[in-house]
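Colleague: Sequence and predicted model, in that order:
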Amino acid sequence: MDARSDIIVVDLGFGDAGKGATVDWLCSPQADIDVAAVVRFNGGAQAAHNVVNGERHHTFSQFGSGTLNGVPTFLSQFMLVEPISLAREARALEAVGVQDPFDLLTIDGRALLTTPIHVAANRAREDARGDNRHGSCGKGIGETAAYALERPDAPTVGDCQRPDVLARKLENMAAYYGPLITDSRHGFPEIVDMVDMYAECAAVVDIVGPGALESIGARGRLVFEGAQGVLLDEWRGFHPHTTWSTVEPSNARAMVSEIGRESYVLGVTRTYTTRHGAGPLPTEDSALGAVLPEPHNGVGEYQGSFRVGHLDTLLLRYAIEVCGGVDGLALTHLDALERATTAGTPIQGVDRYDGCAGTPVGLIPVGEWKDLEHQAALTEALRAMSAVRRDVPAEAEPFIDYLGSEAGVPVVLTSDGPDRADRRLRAGVPA
(Lines give C-alpha, C1' and ligand atoms only; values in the text may rest on other atoms or scores of the structure.)
Protein backbone atom coordinates (compact mmCIF):
# COMPACT_ATOMS: atom_id res chain seq x y z
CA MET A 1 0.00 0.00 0.00
CA ASP A 2 1.23 3.49 -0.94
CA ALA A 3 2.51 5.45 2.04
CA ARG A 4 0.29 8.33 0.90
CA SER A 5 -2.92 6.31 1.00
CA ASP A 6 -5.74 8.27 2.57
CA ILE A 7 -7.74 6.44 5.24
CA ILE A 8 -11.52 6.06 5.06
CA VAL A 9 -13.13 5.22 8.40
CA VAL A 10 -16.55 3.56 8.09
CA ASP A 11 -18.86 1.97 10.67
CA LEU A 12 -19.84 -1.59 9.71
CA GLY A 13 -22.89 -1.73 11.96
CA PHE A 14 -25.88 0.45 12.81
CA GLY A 15 -23.65 3.23 14.16
CA ASP A 16 -22.01 3.82 17.56
CA ALA A 17 -19.13 1.41 16.87
CA GLY A 18 -16.39 3.92 17.73
CA LYS A 19 -15.64 5.86 14.53
CA GLY A 20 -14.92 9.09 16.34
CA ALA A 21 -12.50 7.53 18.80
CA THR A 22 -10.77 5.74 15.91
CA VAL A 23 -10.38 8.98 13.95
CA ASP A 24 -9.12 10.76 17.08
CA TRP A 25 -6.43 8.09 17.51
CA LEU A 26 -5.40 8.25 13.83
CA CYS A 27 -4.92 12.00 14.23
CA SER A 28 -2.99 11.72 17.51
CA PRO A 29 0.79 11.67 18.08
CA GLN A 30 0.49 7.98 19.03
CA ALA A 31 -0.45 7.05 15.47
CA ASP A 32 2.44 9.07 14.00
CA ILE A 33 0.51 9.79 10.78
CA ASP A 34 0.87 13.18 9.11
CA VAL A 35 -2.83 14.08 8.86
CA ALA A 36 -3.66 17.28 6.97
CA ALA A 37 -7.40 17.18 7.63
CA VAL A 38 -10.38 15.09 8.64
CA VAL A 39 -12.91 14.99 5.80
CA ARG A 40 -16.54 14.38 6.73
CA PHE A 41 -18.13 12.52 3.83
CA ASN A 42 -21.75 11.96 4.86
CA GLY A 43 -24.43 12.75 7.42
CA GLY A 44 -24.98 15.93 9.34
CA ALA A 45 -25.88 17.26 12.76
CA GLN A 46 -27.37 13.95 13.91
CA ALA A 47 -23.91 12.39 14.28
CA ALA A 48 -22.66 11.78 17.84
CA HIS A 49 -19.04 10.58 17.86
CA ASN A 50 -17.68 10.37 21.39
CA VAL A 51 -14.00 11.07 21.95
CA VAL A 52 -12.36 10.70 25.37
CA ASN A 53 -8.77 11.71 26.10
CA GLY A 54 -8.07 11.75 29.81
CA GLU A 55 -10.29 14.40 31.39
CA ARG A 56 -11.38 15.75 28.01
CA HIS A 57 -14.58 14.43 26.45
CA HIS A 58 -16.46 15.77 23.45
CA THR A 59 -19.32 14.38 21.39
CA PHE A 60 -18.52 15.34 17.82
CA SER A 61 -21.41 16.17 15.56
CA GLN A 62 -20.14 18.13 12.56
CA PHE A 63 -16.55 18.99 13.43
CA GLY A 64 -14.13 16.19 12.60
CA SER A 65 -13.05 13.95 15.46
CA GLY A 66 -9.42 14.97 15.04
CA THR A 67 -10.17 18.45 16.40
CA LEU A 68 -8.82 17.77 19.91
CA ASN A 69 -5.49 17.10 18.21
CA GLY A 70 -5.65 20.40 16.34
CA VAL A 71 -6.36 18.70 13.00
CA PRO A 72 -8.54 20.78 10.64
CA THR A 73 -11.96 19.65 9.39
CA PHE A 74 -13.26 19.75 5.81
CA LEU A 75 -17.02 19.35 5.43
CA SER A 76 -17.42 17.93 1.93
CA GLN A 77 -20.19 18.49 -0.59
CA PHE A 78 -21.85 15.30 0.69
CA MET A 79 -22.44 16.75 4.17
CA LEU A 80 -25.71 18.27 5.38
CA VAL A 81 -24.57 21.30 7.36
CA GLU A 82 -26.59 22.80 10.23
CA PRO A 83 -24.99 26.13 11.28
CA ILE A 84 -26.94 26.57 14.53
CA SER A 85 -25.69 23.23 15.85
CA LEU A 86 -22.26 24.03 14.42
CA ALA A 87 -22.06 27.18 16.55
CA ARG A 88 -23.12 25.26 19.67
CA GLU A 89 -20.48 22.64 18.97
CA ALA A 90 -17.80 25.31 18.53
CA ARG A 91 -18.64 26.69 21.98
CA ALA A 92 -18.47 23.19 23.49
CA LEU A 93 -15.06 22.66 21.89
CA GLU A 94 -13.81 25.93 23.35
CA ALA A 95 -14.95 24.71 26.76
CA VAL A 96 -12.63 21.69 26.48
CA GLY A 97 -9.65 23.76 25.40
CA VAL A 98 -9.86 24.11 21.61
CA GLN A 99 -8.97 27.68 20.67
CA ASP A 100 -10.88 29.29 17.78
CA PRO A 101 -12.57 26.10 16.47
CA PHE A 102 -13.89 27.88 13.36
CA ASP A 103 -10.28 28.53 12.31
CA LEU A 104 -9.98 24.75 11.90
CA LEU A 105 -13.08 24.46 9.69
CA THR A 106 -13.55 24.60 5.91
CA ILE A 107 -16.87 23.87 4.18
CA ASP A 108 -17.60 23.03 0.56
CA GLY A 109 -20.17 25.60 -0.57
CA ARG A 110 -22.11 22.88 -2.42
CA ALA A 111 -23.05 21.13 0.85
CA LEU A 112 -26.77 21.23 1.58
CA LEU A 113 -27.98 23.50 4.35
CA THR A 114 -30.17 22.04 7.11
CA THR A 115 -32.49 24.69 8.54
CA PRO A 116 -35.04 24.95 11.38
CA ILE A 117 -37.73 24.53 8.69
CA HIS A 118 -36.33 21.08 7.86
CA VAL A 119 -36.20 20.21 11.55
CA ALA A 120 -39.81 21.23 12.16
CA ALA A 121 -40.98 19.26 9.12
CA ASN A 122 -38.98 16.20 10.19
CA ARG A 123 -40.51 16.17 13.66
CA ALA A 124 -44.04 16.82 12.39
CA ARG A 125 -43.72 13.92 9.97
CA GLU A 126 -42.41 11.54 12.63
CA ASP A 127 -45.16 12.60 15.04
CA ALA A 128 -47.73 11.77 12.38
CA ARG A 129 -46.32 8.25 12.02
CA GLY A 130 -47.22 7.43 15.61
CA ASP A 131 -46.09 3.91 16.48
CA ASN A 132 -44.69 3.41 12.98
CA ARG A 133 -41.78 5.80 13.35
CA HIS A 134 -38.73 5.13 11.18
CA GLY A 135 -36.22 5.93 13.93
CA SER A 136 -35.28 9.46 12.88
CA CYS A 137 -33.05 11.58 15.12
CA GLY A 138 -35.48 14.46 14.60
CA LYS A 139 -32.77 16.82 13.33
CA GLY A 140 -34.00 17.43 9.80
CA ILE A 141 -31.51 15.27 7.94
CA GLY A 142 -34.01 13.26 5.92
CA GLU A 143 -36.03 16.35 5.05
CA THR A 144 -32.88 18.16 3.88
CA ALA A 145 -32.02 15.35 1.48
CA ALA A 146 -35.61 14.72 0.34
CA TYR A 147 -36.32 18.39 -0.33
CA ALA A 148 -33.13 18.67 -2.43
CA LEU A 149 -34.24 15.70 -4.53
CA GLU A 150 -37.55 17.41 -5.30
CA ARG A 151 -36.46 21.03 -5.53
CA PRO A 152 -33.52 22.44 -7.53
CA ASP A 153 -33.58 25.55 -5.31
CA ALA A 154 -32.65 23.72 -2.09
CA PRO A 155 -30.42 26.00 0.02
CA THR A 156 -26.70 25.29 0.23
CA VAL A 157 -23.92 26.52 2.49
CA GLY A 158 -22.74 28.78 -0.34
CA ASP A 159 -26.08 30.60 -0.16
CA CYS A 160 -25.12 31.89 3.28
CA GLN A 161 -22.92 34.35 1.37
CA ARG A 162 -25.90 35.48 -0.76
CA PRO A 163 -28.61 36.79 1.63
CA ASP A 164 -31.14 37.71 -1.07
CA VAL A 165 -30.86 34.30 -2.73
CA LEU A 166 -31.08 32.51 0.61
CA ALA A 167 -34.15 34.51 1.71
CA ARG A 168 -36.00 33.57 -1.48
CA LYS A 169 -35.11 29.89 -1.06
CA LEU A 170 -36.22 29.86 2.57
CA GLU A 171 -39.52 31.53 1.69
CA ASN A 172 -40.15 28.89 -0.96
CA MET A 173 -39.34 26.15 1.53
CA ALA A 174 -41.64 27.61 4.19
CA ALA A 175 -44.49 27.63 1.67
CA TYR A 176 -43.72 24.08 0.58
CA TYR A 177 -43.79 22.71 4.15
CA GLY A 178 -46.59 24.94 5.39
CA PRO A 179 -49.37 22.31 5.23
CA LEU A 180 -47.24 19.82 7.18
CA ILE A 181 -45.93 22.17 9.86
CA THR A 182 -48.93 24.47 10.45
CA ASP A 183 -51.04 21.85 12.20
CA SER A 184 -48.10 20.45 14.20
CA ARG A 185 -46.57 21.48 17.52
CA HIS A 186 -43.39 22.61 15.77
CA GLY A 187 -42.30 25.93 14.32
CA PHE A 188 -39.26 27.88 13.12
CA PRO A 189 -37.77 31.40 13.46
CA GLU A 190 -38.61 34.31 11.18
CA ILE A 191 -36.87 34.03 7.82
CA VAL A 192 -35.15 37.40 8.21
CA ASP A 193 -33.62 36.18 11.48
CA MET A 194 -32.39 32.98 9.86
CA VAL A 195 -30.80 34.90 7.00
CA ASP A 196 -28.98 37.18 9.45
CA MET A 197 -27.77 34.22 11.46
CA TYR A 198 -26.47 32.41 8.36
CA ALA A 199 -24.69 35.58 7.22
CA GLU A 200 -22.86 35.59 10.56
CA CYS A 201 -21.85 31.98 9.93
CA ALA A 202 -20.50 32.86 6.49
CA ALA A 203 -18.42 35.64 8.04
CA VAL A 204 -16.51 33.27 10.35
CA VAL A 205 -16.32 30.04 8.31
CA ASP A 206 -14.12 29.41 5.28
CA ILE A 207 -16.57 28.44 2.50
CA VAL A 208 -14.82 27.09 -0.59
CA GLY A 209 -15.61 25.85 -4.08
CA PRO A 210 -14.71 22.70 -6.06
CA GLY A 211 -11.04 21.79 -6.06
CA ALA A 212 -10.33 22.73 -2.46
CA LEU A 213 -9.74 19.14 -1.33
CA GLU A 214 -6.69 18.69 -3.53
CA SER A 215 -4.95 21.71 -2.04
CA ILE A 216 -5.87 20.62 1.49
CA GLY A 217 -4.53 17.12 0.80
CA ALA A 218 -1.25 18.51 -0.52
CA ARG A 219 -0.30 19.17 3.11
CA GLY A 220 -0.49 15.51 4.19
CA ARG A 221 -2.72 12.47 4.60
CA LEU A 222 -6.50 12.77 4.68
CA VAL A 223 -8.68 10.83 7.11
CA PHE A 224 -12.27 10.48 5.89
CA GLU A 225 -14.74 10.20 8.77
CA GLY A 226 -18.08 8.55 8.09
CA ALA A 227 -21.25 9.04 10.08
CA GLN A 228 -23.90 6.49 11.08
CA GLY A 229 -23.31 2.85 10.04
CA VAL A 230 -23.36 0.93 6.76
CA LEU A 231 -26.43 -1.02 7.93
CA LEU A 232 -28.29 2.33 7.94
CA ASP A 233 -27.11 3.31 4.45
CA GLU A 234 -29.82 4.96 2.32
CA TRP A 235 -29.55 2.26 -0.38
CA ARG A 236 -27.97 -0.70 1.42
CA GLY A 237 -29.61 -0.44 4.84
CA PHE A 238 -32.84 -2.11 5.90
CA HIS A 239 -35.52 0.17 4.48
CA PRO A 240 -37.29 2.20 5.81
CA HIS A 241 -35.17 2.29 8.98
CA THR A 242 -32.28 4.04 7.28
CA THR A 243 -30.55 7.39 7.02
CA TRP A 244 -30.84 9.72 4.00
CA SER A 245 -27.13 9.48 3.38
CA THR A 246 -24.62 7.26 1.58
CA VAL A 247 -22.74 5.67 4.47
CA GLU A 248 -20.76 3.03 2.55
CA PRO A 249 -17.47 4.48 1.30
CA SER A 250 -18.16 4.98 -2.44
CA ASN A 251 -18.34 8.79 -2.19
CA ALA A 252 -15.17 8.93 -0.11
CA ARG A 253 -13.36 6.63 -2.54
CA ALA A 254 -14.48 8.86 -5.43
CA MET A 255 -13.11 11.98 -3.72
CA VAL A 256 -9.76 10.29 -3.14
CA SER A 257 -9.65 9.08 -6.73
CA GLU A 258 -10.49 12.54 -8.08
CA ILE A 259 -7.35 13.98 -6.51
CA GLY A 260 -5.25 11.12 -7.88
CA ARG A 261 -4.55 9.23 -4.64
CA GLU A 262 -5.12 5.79 -3.16
CA SER A 263 -7.42 4.88 -0.29
CA TYR A 264 -7.40 2.39 2.58
CA VAL A 265 -10.80 1.56 4.06
CA LEU A 266 -10.81 0.90 7.81
CA GLY A 267 -14.05 -0.71 8.98
CA VAL A 268 -15.01 -0.19 12.62
CA THR A 269 -16.98 -2.84 14.51
CA ARG A 270 -17.77 -3.76 18.10
CA THR A 271 -17.41 -7.13 19.77
CA TYR A 272 -21.23 -7.17 19.89
CA THR A 273 -24.09 -5.53 17.97
CA THR A 274 -26.04 -2.38 18.81
CA ARG A 275 -28.56 -0.10 17.19
CA HIS A 276 -30.54 2.98 18.16
CA GLY A 277 -34.27 2.96 17.60
CA ALA A 278 -36.63 1.03 15.35
CA GLY A 279 -35.69 -1.69 12.89
CA PRO A 280 -34.56 -5.33 12.91
CA LEU A 281 -31.86 -6.55 15.32
CA PRO A 282 -31.85 -10.37 15.10
CA THR A 283 -29.43 -10.95 18.00
CA GLU A 284 -31.10 -8.53 20.44
CA ASP A 285 -30.82 -9.65 24.08
CA SER A 286 -32.07 -7.41 26.87
CA ALA A 287 -30.03 -9.41 29.40
CA LEU A 288 -26.84 -8.55 27.53
CA GLY A 289 -27.90 -4.92 27.32
CA ALA A 290 -28.36 -4.87 31.09
CA VAL A 291 -24.73 -5.87 31.71
CA LEU A 292 -23.29 -3.60 29.00
CA PRO A 293 -24.77 -0.16 29.77
CA GLU A 294 -23.93 2.81 27.56
CA PRO A 295 -22.97 6.04 29.36
CA HIS A 296 -23.01 8.08 26.13
CA ASN A 297 -26.06 6.52 24.42
CA GLY A 298 -29.45 7.15 25.91
CA VAL A 299 -33.06 7.29 24.73
CA GLY A 300 -33.89 9.94 22.13
CA GLU A 301 -37.40 11.38 21.78
CA TYR A 302 -37.43 10.57 18.07
CA GLN A 303 -34.56 8.13 17.75
CA GLY A 304 -35.81 5.73 20.40
CA SER A 305 -33.96 3.39 22.76
CA PHE A 306 -30.42 2.12 22.53
CA ARG A 307 -30.57 -1.62 21.88
CA VAL A 308 -27.94 -4.35 22.39
CA GLY A 309 -27.46 -7.76 20.81
CA HIS A 310 -24.81 -10.46 20.40
CA LEU A 311 -22.15 -10.43 17.69
CA ASP A 312 -23.81 -10.84 14.29
CA THR A 313 -21.26 -12.01 11.75
CA LEU A 314 -23.94 -12.37 9.06
CA LEU A 315 -24.62 -8.63 9.25
CA LEU A 316 -20.88 -7.92 9.47
CA ARG A 317 -20.14 -9.85 6.28
CA TYR A 318 -23.09 -8.16 4.55
CA ALA A 319 -21.72 -4.72 5.53
CA ILE A 320 -18.26 -5.57 4.23
CA GLU A 321 -19.71 -6.78 0.94
CA VAL A 322 -21.83 -3.69 0.32
CA CYS A 323 -18.75 -1.56 1.07
CA GLY A 324 -17.02 -3.24 -1.86
CA GLY A 325 -14.68 -4.76 0.70
CA VAL A 326 -12.58 -3.15 3.42
CA ASP A 327 -8.83 -3.31 3.97
CA GLY A 328 -8.68 -3.64 7.73
CA LEU A 329 -10.81 -3.72 10.87
CA ALA A 330 -10.76 -1.58 13.98
CA LEU A 331 -12.28 -3.76 16.71
CA THR A 332 -13.69 -1.84 19.67
CA HIS A 333 -15.18 -2.72 23.08
CA LEU A 334 -12.89 -5.68 23.74
CA ASP A 335 -13.37 -5.01 27.45
CA ALA A 336 -17.03 -5.99 27.03
CA LEU A 337 -16.00 -9.64 26.62
CA GLU A 338 -14.81 -9.96 30.22
CA ARG A 339 -17.57 -7.76 31.66
CA ALA A 340 -20.30 -9.80 30.01
CA THR A 341 -18.74 -13.14 30.97
CA THR A 342 -18.23 -12.05 34.59
CA ALA A 343 -21.88 -10.98 34.75
CA GLY A 344 -23.00 -14.43 33.60
CA THR A 345 -24.24 -13.31 30.16
CA PRO A 346 -21.29 -13.94 27.81
CA ILE A 347 -21.23 -12.45 24.33
CA GLN A 348 -22.10 -15.05 21.72
CA GLY A 349 -21.87 -15.24 17.94
CA VAL A 350 -24.26 -16.33 15.21
CA ASP A 351 -24.01 -19.44 13.03
CA ARG A 352 -27.17 -18.72 11.09
CA TYR A 353 -30.71 -17.42 11.26
CA ASP A 354 -33.76 -19.67 11.33
CA GLY A 355 -36.72 -18.41 9.32
CA CYS A 356 -40.43 -18.84 9.93
CA ALA A 357 -40.46 -22.06 7.90
CA GLY A 358 -37.44 -23.42 9.70
CA THR A 359 -35.17 -22.83 6.72
CA PRO A 360 -31.66 -21.89 7.90
CA VAL A 361 -30.15 -18.70 6.49
CA GLY A 362 -26.39 -18.26 6.50
CA LEU A 363 -26.03 -15.33 4.10
CA ILE A 364 -27.84 -12.02 3.66
CA PRO A 365 -28.27 -11.52 -0.10
CA VAL A 366 -26.99 -8.28 -1.62
CA GLY A 367 -29.35 -6.82 -4.21
CA GLU A 368 -28.87 -4.25 -6.92
CA TRP A 369 -27.90 -0.75 -5.86
CA LYS A 370 -30.92 1.54 -5.28
CA ASP A 371 -33.36 -1.38 -5.14
CA LEU A 372 -35.46 -0.34 -2.15
CA GLU A 373 -37.97 -3.14 -2.74
CA HIS A 374 -35.16 -5.64 -2.14
CA GLN A 375 -34.06 -3.74 0.99
CA ALA A 376 -37.61 -3.62 2.36
CA ALA A 377 -37.96 -7.36 1.76
CA LEU A 378 -34.71 -7.93 3.69
CA THR A 379 -36.14 -5.87 6.55
CA GLU A 380 -39.25 -8.00 6.78
CA ALA A 381 -37.20 -11.19 6.47
CA LEU A 382 -34.89 -10.13 9.30
CA ARG A 383 -37.88 -9.32 11.52
CA ALA A 384 -39.04 -12.91 11.11
CA MET A 385 -35.64 -14.48 11.77
CA SER A 386 -34.35 -15.91 15.01
CA ALA A 387 -30.60 -15.91 15.45
CA VAL A 388 -28.98 -19.28 16.20
CA ARG A 389 -26.23 -18.36 18.63
CA ARG A 390 -23.00 -20.15 19.44
CA ASP A 391 -20.19 -19.65 21.93
CA VAL A 392 -17.25 -17.51 20.87
CA PRO A 393 -13.87 -16.93 22.57
CA ALA A 394 -14.22 -14.92 25.76
CA GLU A 395 -10.60 -13.74 25.83
CA ALA A 396 -9.30 -10.90 23.70
CA GLU A 397 -6.62 -12.50 21.53
CA PRO A 398 -8.61 -15.61 20.55
CA PHE A 399 -11.65 -13.38 19.88
CA ILE A 400 -9.59 -11.12 17.61
CA ASP A 401 -8.44 -14.14 15.62
CA TYR A 402 -12.00 -15.48 15.47
CA LEU A 403 -13.49 -12.22 14.23
CA GLY A 404 -10.80 -11.66 11.62
CA SER A 405 -11.36 -15.18 10.31
CA GLU A 406 -15.16 -14.77 10.20
CA ALA A 407 -14.90 -11.41 8.43
CA GLY A 408 -12.07 -12.39 6.12
CA VAL A 409 -10.33 -9.11 7.00
CA PRO A 410 -7.36 -8.52 9.34
CA VAL A 411 -7.92 -6.71 12.64
CA VAL A 412 -5.37 -3.88 12.61
CA LEU A 413 -6.48 -1.73 15.55
CA THR A 414 -8.19 -2.65 18.83
CA SER A 415 -9.55 -0.87 21.87
CA ASP A 416 -10.50 -2.10 25.32
CA GLY A 417 -11.97 1.12 26.68
CA PRO A 418 -13.27 4.56 25.69
CA ASP A 419 -10.05 6.53 26.15
CA ARG A 420 -7.49 7.29 23.44
CA ALA A 421 -4.94 5.47 25.60
CA ASP A 422 -7.04 2.28 25.37
CA ARG A 423 -6.25 1.79 21.67
CA ARG A 424 -3.71 -0.81 20.54
CA LEU A 425 -2.00 -0.92 17.15
CA ARG A 426 -1.58 -4.30 15.47
CA ALA A 427 0.45 -5.27 12.39
CA GLY A 428 -0.92 -4.09 9.07
CA VAL A 429 -2.38 -0.67 9.88
CA PRO A 430 -1.58 1.94 7.21
CA ALA A 431 1.47 4.00 8.15
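Modeller: Here it is on my side, so go on.
Colleague: C-alpha from now on. contacts and neighbour counts both.
Modeller: Will do.
Colleague: in the stretch 1-150 of the chain, which spans are helices?
Modeller: Here the stretch 1-150 of the chain has its helices, by DSSP state H, counting those that start in this stretch, at 19-26, 83-95, 116-129, 141-150.
Colleague: Return the most buried member of those.
Modeller: helix 19-26 (a mean of 26; mean count of other C-alpha atoms under 10 Å).
Colleague: Would you mind saying which of the helices of the stretch 1-150 of the chain lies nearest residue 306?
Modeller: With distances scored as C-alpha to C-alpha, the stretch of those nearest to residue 306 is helix 19-26 (17.2 Å).
Colleague: on that earlier part again, looking at the helices of the stretch 1-150 of the chain, which is closest to residue 178?
Modeller: By C-alpha to C-alpha (comparing all of these), the closest turns out to be helix 116-129, at 8.8 Å.
Colleague: What number of residues are in the vicinity of residue 406?
Modeller: By the measure other C-alpha atoms under 10 Å, the count of residues near residue 406 is 13.
Colleague: so what's the nearest residue to residue 385 once chain neighbours are set aside up against?
Modeller: Using C-alpha to C-alpha, 6 or more residues apart in numbering and skipping the chain neighbours, the partner closest in space to residue 385 is residue 355 (4.8 Å). For residue 355, the contact set (C-alpha atoms under 8 Å, 6 or more residues apart in numbering) comprises 361, 381, 384-386.
Colleague: show me the contacts for residue 22.
Modeller: So residue 22 contacts 9, 268, 330 (C-alpha under 8 Å, 6+ apart).
Colleague: Out of those residues, which is nearest to residue 171?
Modeller: Using C-alpha to C-alpha, those come closest to residue 171 at residue 9, 37.9 Å.
Colleague: I figured the closest one hits residue 266, correct?
Modeller: Yes: applying C-alpha atoms under 8 Å, one finds residue 9 in contact with residue 266, separated by 4.9 Å.
Colleague: Those two: who's more crowded?
Modeller: Each of residue 9 and residue 266 has its neighbours counted (other C-alpha under 10 Å); residue 9 has more, 31 against 27.
Colleague: Relative to residue 273, how far out is that one?
Modeller: 18 Å (C-alpha to C-alpha, to the nearest Å).
Colleague: for residue 342, same thing?
Modeller: 19 Å.
Colleague: okay, the two: which has more neighbours?
Modeller: Shown here are residue 342 and residue 273; by other C-alpha under 10 Å, residue 273 has more neighbours (27 against 11).
Colleague: Pull the contacting residues for the more buried one.
Modeller: With C-alpha under 8 Å, 6+ apart, residue 273 has these contacts: 13, 283, 308-312.
Colleague: which intervals of this structure have sub-threshold pLDDT?
Modeller: 1-4, 130-137, 296-304, 356-360, 428-431 (pLDDT under 70).
Colleague: Mind giving me the packing neighbours of the helix with the most length in it?
Modeller: Using DSSP state H to define each element, the chain has its longest helix at helix 163-182. If contacts are counted by 3 or more C-alpha pairs under 8 Å, 6 or more residues apart in numbering; DSSP states H and E, helix 163-182 sits against helix 116-129, helix 191-204.
Colleague: Okay, angle between that helix and helix 191-204 too, please.
Modeller: 130 degrees (axes from the mean of the first three to the mean of the last three C-alpha atoms, to 10 degrees).
Colleague: So what touches helix 163-182?
Modeller: 117, 120-121, 124-125, 153-155, 159-160, 187, 191-192, 195-196, 199.
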